[in-house]
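> fold the following, please.
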Amino acid sequence: MLKSVATEQIAVRLPDELLAGLDNLVRSGVFESRAAAVRAGIEAIIVVEERRQVDRDVVDGYRRKPITDAERAAAIASLRDAILEEPW
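Coordinates of the predicted model:
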């Protein structure tokens with residue numbers, strides 16, 4: 001049995017050009033409905049923003065505690081080994 005998920009309806013105004021693009025996606029079968037396309041877009045934006053936050057957190061961490069020369073050398077050696085192990 002599927003679990004019921006609470007939802008809330010929102011109103012969004014779109015310029016004609018965006019609406020036409022949205023309708024083309026639905027008409028071509030990429031999305032089941034306008035709502036499905038909008039949900040997918042919002043989900044994609046959330047994923048991108050979460051990844052950007054992780055990136056900012058990593059950069060902030062390295063600013064607070066910069067990499068040491070030994071860590072840098074180990075990272076470069078690891079990269080070199082990984083490249084040499086590639087089957088190309």
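> got a pLDDT number for the nearest residue to residue 12 once chain neighbours are set aside?
Leaving out its chain neighbours, the residue that sits closest to residue 12 by Cβ to Cβ, 6 or more residues apart in numbering is residue 38, at 6.9 Å. Just so you know, the C-beta spots here come from the backbone N, C-alpha and C atoms, and that holds for glycine as well. In this model, residue 38 is scored at 96, pLDDT.
> how about stretch 16-36, which residues are buried there?
22, 25, 31 (16 or more other Cβ atoms under 10 Å).
> in helices, which of these fall?
22, 25 (DSSP state H).
> quickly note the distance from the residue most central in space within the chain to residue 42.
The centroid of the chain falls nearest to residue 48 when counting by Cα atoms, centre = their mean (3.1 Å). As for residue 48, its distance to residue 42 is 11 Å (criterion: Cβ to Cβ, to the nearest Å).
> same thing with residue 53?
In terms of Cβ to Cβ, residue 53 sits 16 Å off from residue 42.
> mind checking how far stretch 78-88 is from the chain centre?
Offset of stretch 78-88 from its chain centre (Cα atoms, centre = their mean, to the nearest Å): 27 Å.
> residue boundaries of the helices in this protein?
For the chain, applying DSSP H gives helices covering 16-27, 34-64, 69-85.
> which stretch among the ones you listed comes nearest residue 3?
helix 34-64 (17.0 Å; Cβ to Cβ).
> packing partners for the closest one?
helix 16-27 (3 or more Cβ pairs under 8 Å, 6 or more residues apart in numbering; DSSP states H and E).
> what angle sits between the helix it packs on and helix 34-64?
Between helix 16-27 and helix 34-64, the angle comes out at 110 degrees (axes from the mean of the first three to the mean of the last three Cα atoms, to 10 degrees).
> now helix 16-27 - C-alpha only, PDB.
Only the C-alpha atoms of helix 16-27 are listed here, as PDB (Å, rounded to 0.1, in the frame of the first residue of the first chain):
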ATOM      1  CA  ASP A  16       4.000  32.500 -22.200                       C
ATOM      2  CA  GLU A  17       7.400  31.300 -23.400                       C
ATOM      3  CA  LEU A  18       8.000  29.200 -20.300                       C
ATOM      4  CA  LEU A  19       4.500  27.900 -20.300                       C
ATOM      5  CA  ALA A  20       4.900  26.800 -24.000                       C
ATOM      6  CA  GLY A  21       8.100  25.000 -23.100                       C
ATOM      7  CA  LEU A  22       6.400  23.300 -20.200                       C
ATOM      8  CA  ASP A  23       3.500  22.200 -22.300                       C
ATOM      9  CA  ASN A  24       5.900  20.900 -25.000                       C
ATOM     10  CA  LEU A  25       7.500  18.700 -22.300                       C
ATOM     11  CA  VAL A  26       4.100  17.400 -21.300                       C
ATOM     12  CA  ARG A  27       2.900  16.900 -24.800                       C
END
